[in-house]
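Peer 1: need a 3D model of the following:
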Amino acid sequence: MESRTHNCGELTKKNIDKNVRLFGWVNSTRTHGKIIFIDIRDRFGKTQIILNTDSLIGKGKTLSNEDVISVSGNVIARSSELVNNNMTTGEIEVVAEELEILNMASPLPMSIHDRSASTEEHRLKYRYLELRNSELQNNLILRHKTTQVVRNFLNDQNFIEIETPVLTKSTPEGARDYLVPSRVHNGKFYALPQSPQMYKQLFMISGLDRYFQIVKCFRDEDLRSDRQPEFTQIDLEMSFVDEQHVRDLVEELISTVFYEVNNVKMETPFPTLSYKDAMKRFGSDKPDLRYAVELQDFKSFSDQSDFQAFKSSESVNMINVNNSDFFSRKIISELDTYAQSLGAKGLAWMKYKANSFEGGISKFFNEDLQNTIASDCDIQNDSICFMVADTSQISLKVLGKIRVKVAEMLNLCDDSVFKPVWIVDFPLFSWDEDNKRFDSVHHPFVAPKDKDIKIAISEPEKAISKGYDIVINGYEVAGGSIRIHDQKLQQEIFETMSLTKEDINSKFGFFIDALKFGTPPHGGIAFGLDRLVMLLAGVNNIRDVIAFPKTTSASALMEDSPNTVSDEQLDDLGIGIKENEKNI
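Peer 2: Next up, the predicted model:
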């Protein structure tokens, strides 16, 4: 087979009168009298081909879309009235001299060019065909560009790329592990890594100073639009740094990626919010700053009202948004149902029109109180207030979700705008009421603030961590921390989490031992590459930037995975399948 001279998106007026050979897929055919026009396509673009001889027209009439062909011929200029400015090759066409059909395509089970014509389940079953779609191909090309920019940037910053094991040890890190049974060691299991956390810290102990890798991670957890069971991290670690050092480097990396990949300039330094302020103002530690709607403490106002349900609540919070007419009774009812699904008792509301409140719970607020609320809370005419009363935790969390939902309804989210923010000063621990113990908010290797080292053990509920997240447009793009580098403190943190000495030795013994041998201060961060590319691509589903993603039930429909295995394979591993009582 002769080599192609050009790809299908390459030819321009500079190539006129040149003889070329192209390979690709038949994108479309059109017959005009005694001439057939073919658009031939590859991932680089499309080129129009002319068939104008009897033998070639005969072949052309047998072609179907997605047949694979080879064409050789002469490049000519299109007439000025037929120039297609929407194609890079729109000023030229190729008059075919030879046409070879390399492979004929069966009728396709789905549309390649119109993704909305098929369900997502059907498209995932034929993902190899859906990947011919130009939108998905462009997403994967953008993903490639992103990883190249990251690699070049970190290489220039003296990081070295090192791989870590995929078969590792199961450790308690928050989500369930994916387990891999060992044939050689019957009854024992490897785990797929949730992250390379301990390995990258061991690199710092090894004196490697600056490490990174772009690495697969695995978590057996509930899925959603921005989460997959296997995902890709940009993982990095640095020695002899504090929080500001890491954050400065990350800002420079993110700014470089957005500029070189999307030609978007990011203003630095990025704004910073404490975890406490983020929750108070936005009801979320992943706030979307593209719209100015903020939560306001409404408790002092509701306590002066006649609305008894609010008076008995620990916390009352409120948001107000413009365009009150948009919020019909039906939409308000849907929002109320949504709030209750999140754990609230209900969603209260009242509209502000002609300088007074109306509807909802407005009758419980007298005129003077209404005027005070409008003035103090900066309520504008033709706006609506939504309120949630409950414990502080539920009130903030639910209203934060309502804030996001309302912004989506009102189209307040501009995908061409990127608003990064650092979230810092997280609590070191959270209290697990069910198990009556403390859990790490991030993971057990996060260092407490220097001033909180003592209370991290004596009063763990008060300790603040050296953790930090970078959030862009409501998505946590990266999270990291300064790590514990003192063996004694690390041991005490494990004990504060109610791990026994046996547990600590069994799960982390090698790591605790390693900390004894001169561990430098160190810290790092891990980016969710899939989420980062999702933002860069302007899509809202992580599956659109992954070549072969799983469904929300962690199934791979194309290859029908997970699936059963033979009894012989299970016998080799010393494993039996336990009968599910629900199916008996």
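Peer 1: where along the stretch 101-250 of the chain do the helices fall?
Peer 2: Listed in chain order, the helices of the stretch 101-250 of the chain (DSSP state H, counting those that start in this stretch) span 120-125, 127-130, 134-156, 197-205, 243-262.
Peer 1: for those, which one sits closest to S356?
Peer 2: helix 243-262 (45.8 Å; Cβ to Cβ). (C-beta placed from N, C-alpha, C; glycine too.)
Peer 1: how about the closest one: buried residues?
Peer 2: 243, 246-247, 249-251, 253-258, 260-262 (16 or more other Cβ atoms under 10 Å).
Peer 1: hang on, the earlier thing: output the helices of the stretch 101-250 of the chain in JSON lines, with mean pLDDT appended to each entry.
Peer 2: Shown next, in JSON lines, are these (pLDDT from 0 to 100):
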{"stretch": "helix 120-125", "mean pLDDT": "96"}
{"stretch": "helix 127-130", "mean pLDDT": "97"}
{"stretch": "helix 134-156", "mean pLDDT": "98"}
{"stretch": "helix 197-205", "mean pLDDT": "97"}
{"stretch": "helix 243-262", "mean pLDDT": "98"}
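Peer 1: out of those, which gets nearest to D39?
Peer 2: helix 134-156 (12.5 Å).
Peer 1: for the most far-flung residue of the chain relative to its centre, give its distance to N158.
Peer 2: Of all residues in the chain, D54 has its C-alpha farthest from the mean position, at 53.7 Å, by Cα atoms, centre = their mean. According to Cβ to Cβ, to the nearest Å, D54 stands 66 Å off from N158.
Peer 1: if we can go back for a sec, reformat the helices of the stretch 101-250 of the chain into TSV and put distance to R78 next to each item.
Peer 2: Shown next, in TSV, are those (distance: least, Cβ to Cβ, whole Å):
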stretch	distance to R78
helix 120-125	35
helix 127-130	31
helix 134-156	22
helix 197-205	56
helix 243-262	32
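Peer 1: so where's the stretch 151-300 of the chain shaky on pLDDT?
Peer 2: 172-174, 223, 225 (pLDDT under 70).
Peer 1: residue ranges for the strands of it, please.
Peer 2: With DSSP state E, counting those that start in this stretch as the criterion, the stretch 151-300 of the chain has strands at 160-161, 178-181, 189-192, 210-218, 230-239, 272-274, 296-297.
Peer 1: between those strands, which gets nearest to K451?
Peer 2: K451 lies closest to strand 272-274 among the strands of the stretch 151-300 of the chain, at 14.8 Å (Cβ to Cβ).
Peer 1: how far off centre is the closest one?
Peer 2: Its chain's average C-alpha position is 21 Å from that of strand 272-274, according to Cα atoms, centre = their mean, to the nearest Å.
Peer 1: next: stretch 53-64.
Peer 2: 47 Å.
Peer 1: stretch 78-93 too?
Peer 2: Worked out by Cα atoms, centre = their mean, stretch 78-93 lies 39 Å from the chain centre.
Peer 1: for the stretch 301-450 of the chain, which segments count as strands?
Peer 2: 315-322, 348-353, 356-358, 383-390, 420-424, 429-432, 437-440.
Peer 1: mean pLDDT and mean neighbour count added to these, as a markdown table?
Peer 2: Output for these, formatted as a markdown table (pLDDT from 0 to 100; neighbours: other Cβ atoms under 10 Å):
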| stretch | mean pLDDT | mean neighbour count |
| --- | --- | --- |
| strand 315-322 | 96 | 22 |
| strand 348-353 | 96 | 21 |
| strand 356-358 | 95 | 17 |
| strand 383-390 | 97 | 24 |
| strand 420-424 | 98 | 21 |
| strand 429-432 | 91 | 15 |
| strand 437-440 | 91 | 17 |
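Peer 1: show the contacting residues for the residue lying closest to E121 once chain neighbours are set aside.
Peer 2: Excluding its sequence neighbours, the residue lying closest to E121 (Cβ to Cβ, 6 or more residues apart in numbering) is L557, at 6.1 Å. Contact analysis of L557 by Cβ atoms under 8 Å, 6 or more residues apart in numbering lists E121, L124, K125, R127, T551.
Peer 1: go again using 7 Å as the cut-off
Peer 2: Taking Cβ atoms under 7 Å, 6 or more residues apart in numbering as the criterion, L557 is in contact with E121, L124, K125, T551.
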